[in-house]
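# take this sequence and fold it.
(one chain, ligands or ions: 1)
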Amino acid sequence: MTSIAKIDHFVSVEDSSNEQVLLLLKRASAFKQGVLWKSPKKQIFAANLFFENSTRTHNSFHIAERKLGMDVLEFDVQTSSLQKGETLYDTVLTLSALGVDVVVIRSSVERYWDELLQSPRIACHIVNGGDGSGEHPSQCLLDLMTIQEEFGDFSGLKVAIVGDLVHSRVARSNMQMLTRFGAEVYFSGPKEWHHKEFDHYGWFLPLDELVSKIDVLMMLRVQHERHDGSQSFSKEEYHQAYGLTEKRAKRLPDKAIIMHPAPVNRDVEIANSLVESAKSRIVEQMRNGVYARMAILEAVMSGWEKYYL
Ligand code: CP
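Below is the predicted model of the structure:
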């Protein structure tokens, strides 16, 4: 049987050792290959709290939970007591008291989990579905899974992360994990969306210098909802200056792959014709999201095996 990583909460990639992440990847791959899950002998409740919009993360966690035999509470923020001023802390405290075992949260507040994890009264496991511009660890795991499927290993791989770096939780999680696993990380995009803290992880270079030399081109969504309105690119200007145009794509090495966490702004970050092209792994990233999230949920339910017949 494939080994299972044991992790109490999954909120930041910093919290997991390389060994734990490799076990999660192994387990995600086993789920993808059809490893059967058994029905739990104890009822397990998962609650999904999404304060920011989501299609992929929300639905793939829901499917992962259902595939693992959990009972799923789709917590409706709009009809909950949050509308009466209840805090996130009191909401999670309540769900924990009601018997919820694991809570998946997406919030615009960075590190919202700090006070939740410090509470001796909150007993449920916390999984981060994305916190503002902070981290997106489950996206990171599915991205690693997609890269591993393609190249087998991360060591020495040249990965360019391109676009709205400073607002991207995907970029933050991925730059950390990829460098930990020995990949060479590069950055590109508008200079004002780069931050000096990223120098620790890799060089910032024009995309035209990078495109013919990389193995993985990871394009990022332009996060309009986090901008203050001072940015003045038109879509076409952005695409021509920083996007993957058809012309640039012709210079990619034969084995290079194109990734994007999605949703994609077609013809902005990536030319419409390239989104589903042979080099694109964007659909596979979405597919892998279910299996990566199954592995995460299984891991946070430490001693998971005892719940199964
Ligand atoms: N990649 C991603 O997080 O997509 P959603 O915002 O649709 O969940």
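
# buried ones in stretch 105-114, by neighbour count?
105-107, 112-113 (16 or more other CB atoms under 10 Å). (Glycine included, C-beta is placed from N, CA and C.)

# now do stretch 192-201
193-194, 198, 201.

# please enumerate the strands of the protein.
45-50, 71-74, 102-107, 125-131, 158-162, 184-188, 202-204, 216-219, 257-259 (DSSP state E).

# between these, which gets nearest to the ligand?
The ligand lies closest, by CB to the nearest ligand atom, to one member of the strands of the chain: strand 125-131, at 5.9 Å.

# give me the residues contacting that closest one.
The contact list for strand 125-131 (CB atoms under 8 Å, 6 or more residues apart in numbering) reads 8-12, 48, 50, 52, 54, 57-58, 61, 92, 101-113, 116-117, 135-139, 169, 296-297, 300-301.

# from those, which are also near the ligand?
The subset of these within reach of the ligand, by CB under 6 Å from any ligand atom, is 54, 57-58, 139.

# so what's residue 134 closest to, chain neighbours aside?
Spatial nearest neighbour of residue 134, chain neighbours left out: residue 110 (3.9 Å); criterion: CB to CB, 6 or more residues apart in numbering.

# tell me the pLDDT of the one you found.
What the model reports as pLDDT for residue 110 is 97.

# how about residue 96?
97.

# with residue 40 instead?
70.

# does it touch residue 66 like I think?
No: with contact defined as CB atoms under 8 Å, residue 40 does not reach residue 66; the gap is 11.9 Å.

# so for those two, which sits in the more crowded spot?
Ranked by neighbour count (other CB atoms under 10 Å), residue 40 and residue 66 place residue 40 first, with 17 against 13.

# show me what contacts the residue nearest to residue 134?
131-134.

# neighbour-wise, give me the winner out of the residues you listed.
residue 131 (23 neighbours).

# who does it bridge with?
residue 107, residue 135 (DSSP bridges).

# gap between it and residue 96?
Residue 131 sits 19 Å away from residue 96, going by CB to CB, to the nearest Å.

# kindly report the same for residue 228.
37 Å.

# who's in contact with the residue sitting nearest the centre point of the chain?
Closest residue to the average C-alpha location of the chain: residue 139 at 1.4 Å, with CA atoms, centre = their mean. Shown in contact with residue 139 (CB under 8 Å, 6+ apart): 57, 130, 169-170, 173-174, 261, 289.

# burial measure for whichever residue of the stretch 201-309 of the chain sits closest to the ligand, as a count.
Residue of the stretch 201-309 of the chain nearest the ligand, by CB to the nearest ligand atom: residue 261 (3.7 Å). Look at residue 261: counted by other CB under 10 Å, it has 26 neighbours.

# contacting residues for the residue lying closest to it once chain neighbours are set aside?
With sequence-adjacent residues excluded and distances taken as CB to CB, 6+ apart, residue 261 is closest to residue 170, at 4.6 Å. By CB under 8 Å, 6+ apart, the residues touching residue 170 are 136, 139-140, 143, 220, 261.

# select the longest helix from this structure.
In terms of residue count, the longest helix belonging to the chain (DSSP state H) is helix 282-300.

# circling back: got CSV for the contacts of residue 139, with pLDDT and distance to residue 269 too?
CSV is the format used below for the contacts of residue 139 (pLDDT from 0 to 100; distance: CB to CB, whole Å):
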residue, pLDDT, distance to residue 269
57, 98, 18
130, 98, 18
169, 95, 16
170, 96, 12
173, 97, 18
174, 98, 15
261, 98, 10
289, 98, 19
